[in-house]
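1. Provide a 3D model corresponding to the input given below.
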Amino acid sequence: MAQNGPRAPGEAEDGGGREPATRRRISSSDGPPGASRARKQRQDSLRKNRPPFPWFGLDIGGTLVKLVYFEPRDITAEEEQEEVDSLKSIRKYLTSNVAYGQTGIRDVHLELKDLTMCGRKGSLHFIRFPTHDMSVFIQMARDKQFSSLHTSLCATGGGAYKFEEEFLTVGGLQLCKLDELDCLIKGVLFIDSVGFNGQSQCFYLENPTDLERCEKIPYALENPYPLLLVNIGSGVSILAVYSKDNYKRVTGTSLGGGTFFGLCCLLTGCSTFEEALEMAALGDSTKVDKLVREIYGGDYERFGLPGYAVASSFGNMMSKEKRDLVNKEDLARATLITITNNIGSIARMCALNENISQVVFVGNFLRINTISMKLLAYALDYWSKGQLKALFMEHEVR
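-> As a prediction, this is how the structure comes out:
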């Protein structure tokens, strides 16, 4: 989003689509003429301090770039007449397309409607594209003369530093860099506060391993603190959050979504994250992994290890005979379970060490990834003996 644009997610001044009482329409019968003049003065002041359109922000990750764009739905005839052609062109380009070039995608199903931000009503659109195409995006921004509207953009993520010079030299734009963990926490609180177009945002899975009985149960984050926030992107960061301004990074791991995708590319020849997940959904990881029952002949009862638990990820691949029995789908499934089990184990240990019972998993790794969601839900519930629930956000998993 442009510098001095709408507040970062979580900082919207009323936190949702309801207009504050101080801004409701006031008719002449509501009070003396002075009240109308005072209201007009407040509106004029807000308009002067409001940043110019367009409003959008970037999260430039190691694998994906995520762009959020606020489309105003309350543009007056006067504003529309005053709009410059470049602004109209940008709004039309972003909202009339669902694909941009060969790799850019607008996730229409993630659109958040009827929000109020900085006194304006509108919708938030969510667009993503691979980080390796960032140069194409910067060139597009130059071609559409974005620098004539703004000289700086708000951005977060490691790419805000990596691509800073290219934005300036090619696009004529300076990046206003925001800390990604600050943005992450405020973003989670923001989307929980506004919901998901009338639905509850936060949920957990009941009976996650039972295909017939598994169901989403809404969960209210009315008292969110303390909170363990597990952000799964290319790698993983785990935060203990005690308030919106008080948090610490407990730990992390380099084995994240980027590891899963990278290994799948090597092992299966897939070329997209979606293709890797499709393969994993069809595979059987028990052909690849060595299970407890293969070592003990059943459960390891003394330590409560069930026979179906993984004793050694990819442990069966030491045998040539067993290697000959697996296919690409099995390898993709085993890779996904290896990464997910590792994340779940670390998250559980952090929750116990920090004495936190609310564990929220977020990040692009979970997008359309029900297998990992169910594995995380089961692992936390099983190993904590029902004391921990893996919480997810609707906007993160669709």
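2. shouldn't residue 389 be in contact with residue 228?
-> No: Residue 389 is beyond contact range of residue 228, at 11.3 Å (criterion: C-beta atoms under 8 Å). Glycine gets a C-beta too; all of them are placed from N, C-alpha and C.
3. between these two, which one's more packed in?
-> When residue 389 and residue 228 are compared for neighbours, residue 228 comes out ahead with 23 against 20, by other C-beta atoms under 10 Å.
4. tell me which residues form a beta bridge with that one?
-> Beta-bridge pairing for residue 228 (DSSP bridges): residue 240, residue 359.
5. per-residue confidence for it?
-> Looking at residue 228, its pLDDT reads 97.
6. Tell me where the stretch 151-300 of the chain is predicted with low confidence.
-> Low-confidence segments of the stretch 151-300 of the chain, defined by pLDDT under 70, span residues 151.
7. Could you rerun that using 80?
-> Scanning the stretch 151-300 of the chain for pLDDT under 80 picks out the ranges 151-152, 211.
8. got the contact list for residue 58?
-> Listed by C-beta atoms under 8 Å, 6 or more residues apart in numbering, the contact partners of residue 58 are 65-67, 153-157, 159-160.
9. Narrow those residues to those in strands?
-> 65-67, 153-156 (DSSP state E).
10. for the record, mean pLDDT for stretch 85-95?
-> Stretch 85-95 comes out at a mean pLDDT of 80.
11. buried sites along that stretch?
-> For stretch 85-95, the buried set under the neighbour-count rule, 16 or more other C-beta atoms under 10 Å, comprises 87, 90-91, 94.
12. Go through those residues and name the one nearest residue 346.
-> The nearest member of the buried residues of stretch 85-95 to residue 346, counting by C-beta to C-beta, is residue 94 at 37.7 Å.
13. ok, the buried residues of stretch 85-95 vs residue 61, which is closest?
-> residue 94 (19.9 Å).
14. So which bits of stretch 272-288 are buried?
-> For stretch 272-288, by 16+ other C-beta under 10 Å, it's 273, 275-277, 279-280, 283, 285-288.
15. quick one: that stretch to chain centroid distance?
-> Counting by C-alpha atoms, centre = their mean, to the nearest Å, stretch 272-288 is centred 22 Å from the centre of its parent chain.
16. on that earlier part again, output the buried residues of stretch 85-95 as TSV; include the columns secondary structure and distance to residue 114.
-> Shown next, in TSV, are those (DSSP: H, G, I helix; E, B strand; the rest coil; distance: C-beta to C-beta, whole Å):
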residue	secondary structure	distance to residue 114
87	helix	22
90	helix	22
91	helix	18
94	helix	18
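17. Can you give me the neighbour number for residue 304?
-> For residue 304, the neighbour count with other C-beta under 10 Å is 11.
18. any idea how far the residue nearest to residue 370 when sequence neighbours are not counted is from residue 187?
-> Excluding its sequence neighbours, the residue lying closest to residue 370 (C-beta to C-beta, 6 or more residues apart in numbering) is residue 397, at 7.7 Å. Counting by C-beta to C-beta, to the nearest Å, the gap from residue 397 to residue 187 is 15 Å.
19. can you check residue 80 too?
-> In terms of C-beta to C-beta, residue 80 sits 31 Å off from residue 187.
20. And for residue 181?
-> 10 Å.
21. Which one of the two is surrounded by more residues?
-> Taking neighbours as other C-beta under 10 Å, residue 181 and residue 187 compare with residue 187 leading, 22 against 17.
22. pretty sure residue 267 is touching residue 328, no?
-> Yes: using C-beta under 8 Å, residue 267 makes contact with residue 328 at a distance of 7.1 Å.
23. Now do the shared contacts for those two.
-> Joint contacts of residue 267 and residue 328 (C-beta under 8 Å, 6+ apart) do not exist.
24. Next up, the contacts around residue 270.
-> In this structure, residue 270 makes contact with 264, 276, 279, 328, 332, judged by C-beta under 8 Å, 6+ apart.
25. again but with residue 176, I slipped
-> So residue 176 contacts 3, 152-155 (C-beta under 8 Å, 6+ apart).
26. Wasn't it part of a helix?
-> No: assessed with DSSP: H, G, I helix; E, B strand; the rest coil, residue 176 is strand; it does not lie in a helix.
27. how close does residue 120 get to residue 54?
-> From residue 120 to residue 54 the distance is 12 Å (C-beta to C-beta).
28. Please enumerate the shared neighbours of these two.
-> With C-beta under 8 Å, 6+ apart, residue 120 and residue 54 have common neighbours residue 70.
29. Looks to me like residue 242 is in a strand.
-> Yes: under three-state DSSP, residue 242 sits within a strand.
30. hang on, it packs against residue 224?
-> No: the criterion here is C-beta under 8 Å, and residue 242 misses it with residue 224 at 10.0 Å.
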